[in-house]
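1. heads up, no residue letters with this:
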């Protein structure tokens, strides 16, 4: 199982109290859920899509891992640099849990069941998307388990829809330029 955290959900000292409360609650529930997955035998890894001096998804991932009982067994995957590396990374996993838009897109491209933990409209209303979506706000361990179980039912149809074909073409074209 690959988990893609999102530093955008982290609170800063000038943020309203609700943002602190939402993150504290979510990371507690997420850490318990992820511990359960490890207990069930899932091989859990994290990958950071955003890593720059002012924002890093590692910050969010580290806060979740720090609450886990199995924190010593968790590790980060090296951030992929090319489309081929991204495709290869995603193809290694039977399940993806993502708080990032590009995690959802890549799960569709690689046809991997994905749990979308959305915190804003861009993630909530992604289309096409074959996975399971759940709001980041108010999530709990039980609802995460239910959503994870539903991922067994996810099926992918051939990429015949024009929005998906255009999306796939655009993503590959953009990432292939980075490969050059």
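-> Done, it's in. Just so it is clear, the model here is predicted, and its values are computed rather than measured.
2. Now the most centrally placed residue in the chain, what are its backbone angles?
-> Residue closest to the average C-alpha location in the chain (Cα atoms, centre = their mean): residue 98, at 1.2 Å. Main-chain dihedrals, residue 98, degrees, to the nearest 10: phi -130, psi 140.
3. I'd guessed it sits against residue 105; true?
-> No: Residue 98 is beyond contact range of residue 105, at 9.3 Å (criterion: Cβ atoms under 8 Å). From N, CA and C alone the C-beta is placed, and that goes for glycine too.
4. Roughly how far does residue 140 sit from residue 94?
-> Distance of residue 140 to residue 94, computed by Cβ to Cβ, to the nearest Å: 23 Å.
5. ok, these two, which is more surrounded?
-> Between residue 140 and residue 94, counting by other Cβ atoms under 10 Å, residue 140 is the more crowded of the two (16 against 12).
6. so how far is residue 146 from the more buried one?
-> The value you get for residue 140 to residue 146, if Cβ to Cβ is used, is 10 Å.
7. Repeat that for residue 76.
-> 27 Å.
8. For those two, work out which one has more neighbours and name it.
-> residue 76 (15 against 12).
9. nearest spatial neighbour of the more buried one, skipping sequence neighbours?
-> Excluding the flanking residues, the one nearest residue 76 by Cβ to Cβ, 6 or more residues apart in numbering is residue 46, at 5.0 Å.
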